[in-house]
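>>> Test case, fold it:
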Amino acid sequence: MYLQCCNHTHEPIMLLDGVAVTIGRSAGTKILDKLCSRTQLQIVANHSKKYAMVKQLGANPSQIDGINIGQGKTDKLSVDRKCDKKGTSSLKSRENMHNSQKNKTSENFDNGTAADVGPPRATVSKSSHWSQGLKSSMTDSSLQVYKDDRVIVIKDKYPKAKFHFLVMPVENIVSTVHLNSAHASLLDHMWKVGRDIAKRSCDDDTKTRFRYGYHAVPSMSHLHMHVISQDFDSPSLKTKKHWNSFTTEYFVDAEDIIHEIKTEGKVKNRRHMTELLKNALRCHICHTELKNMPQLKKHIKDCR
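Residues are numbered from 1 along each chain as shown. Predicted structure coming up:
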């Protein structure tokens with residue numbers, strides 16, 4: 001499913017099944033209106049039932065078919081209903097995208113906005129949404145540090161620590177919610193490779209601690225396991241969301257995911273954990289609460 005700009009002035013935003021996507025004023029969406037917050041809407045798509053739940057985060061009104069949603073409130077957006085103050089966007093299914101090609105040229109979509117899983121056909125759009133970026137990074141030789149017939153390991157383009165790698169399967173798996181019992185050996189292999197990469201990256205420095213795991217609700221659309229050192233020494237670590245995504249239960253240890261797959265055949269639904277990203281800033285070592293990121297980053301250097 002995807003959110004289509006009715007005026008075809010922005011790229012379609014592809015919506016992953018069950019994954020919360022935040023939309024607002026940004027370079028990615030090309031929305032410039034200052035009345036639109038940078039985090040205006042949160043959208044969670046349900047592919048099987050062909051609708052999305054839309055939560056208004058911003059203070060200024062957003063609408064579905066001309067009816068205000070209300071800040072902090074949620075409403076259902078069904079396929080082909082219009083969303084936003086002027087009805088400028090509508091929810092579409094993959095079938096709609098395919099059928100629309102019969103009546104529109106690809107240029108209409110090239111000028112179009114917003115996010116989906118399972119990328120659209122290559123003829124639909126020349127550019128991809130940022131959530132699809134890992135697939136191109138997998139083939140970037142400047143980022144790649146390891147490859148075998150099952151996995152590829154790359155340096156995170158925006159590392160949140162001194163050492164930050166992503167272990168990804170060669171197999172096309174969207175996220176943890178798409179895993180089943182048949183993937184148990186793959187997850188074991190990803191974990192082993194991740195530990196080997198960590199050991200190799202810091203040579204004989206046994207004091208460097210690492211964690212291996214997955215975000216509860218991943219923002220990128222190809223399965224990836226984070227291998228991240230616990231120094232969190234990086235200029236790319238800038239926001240509360242960044243911090244809490246790696247230091248709260250939002251970061252799920254790889255061993256827990258492997259255990260769930262081996263015992264239950266699937267991964268638990270953790271969508272509710274997005275609230276953890278709003279937690280107060282706390283040192284991951286001593287749990288002292290800090291007011292802002294500069295204070296936190298200064299504190300953790302002394303706390304290590």
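>>> Against residue 231, how distant is the nearest residue to residue 303 once chain neighbours are set aside?
Excluding the flanking residues, the one nearest residue 303 by CB to CB, 6 or more residues apart in numbering is residue 285, at 4.8 Å. C-beta: built from backbone N, CA, C; applies to glycine. Note on residue 285: its distance to residue 231, by CB to CB, to the nearest Å, is 11 Å.
>>> again, but for residue 221
Residue 221 is 28 Å from residue 231, by CB to CB.
>>> which stretches of the stretch 51-200 of the chain aren't confidently modelled?
65-67, 79-133 (pLDDT under 70).
>>> ranges for the helices of it?
94-100, 106-110, 133-137, 184-201 (DSSP state H, counting those that start in this stretch).
>>> Assign residue 262 to helix, strand or coil.
Under the three-state scheme (DSSP: H, G, I helix; E, B strand; the rest coil), residue 262 adopts helix.
>>> phi, psi of the spatially most central residue of the chain?
In the chain, the C-alpha nearest the mean C-alpha coordinate belongs to residue 219, at 0.3 Å (CA atoms, centre = their mean). The phi and psi torsions at residue 219 (degrees, to the nearest 10) take the values phi -90, psi -20.
>>> domains of this structure?
Residue ranges for the domains of the chain, per automatic domain parsing: 2-120, 135-303.
>>> Between residue 285 and residue 231, point out the one with more neighbours.
Neighbours were tallied for residue 285 and for residue 231 using other CB atoms under 10 Å; the higher tally belongs to residue 231 (16 against 12).
>>> Might one say that the more buried one is in contact with residue 303?
No: the pair residue 231 / residue 303 is not scored as a contact, 10.6 Å apart, by CB atoms under 8 Å.
>>> list the contacts for the residue nearest to residue 145 when sequence neighbours are not counted?
Counting by CB to CB, 6+ apart, residue 145 lies nearest to residue 153, which is 5.2 Å off, once chain neighbours are set aside. For residue 153, the contact set (CB atoms under 8 Å, 6 or more residues apart in numbering) comprises 144-147, 165-168, 193-194, 197, 227.
>>> Give me the buried positions along stretch 147-158.
151-156 (16 or more other CB atoms under 10 Å).
>>> can you give me how far stretch 236-249 is from the chain middle?
Chain-centre distance of stretch 236-249: 13 Å, with CA atoms, centre = their mean, to the nearest Å.
>>> got the contact list for that stretch?
Contacts to stretch 236-249, defined as CB under 8 Å, 6+ apart, come from residues 158-161, 211, 215-216, 226, 228, 232, 250-251, 273, 276-279, 281-282, 284, 293, 296-297.
>>> one more time with 6 Å, if that's ok
158-160, 215, 276-277, 279, 281, 284 (CB atoms under 6 Å, 6 or more residues apart in numbering).
>>> Out of those residues, which is nearest to residue 268?
residue 215 (13.4 Å; CB to CB).
>>> Neighbours of the residue nearest to that closest one when sequence neighbours are not counted, how many?
Spatially, and ignoring its direct neighbours in sequence, residue 215 is nearest to residue 245 (5.8 Å; CB to CB, 6+ apart). Residues lying near residue 245 (other CB under 10 Å) number 22.
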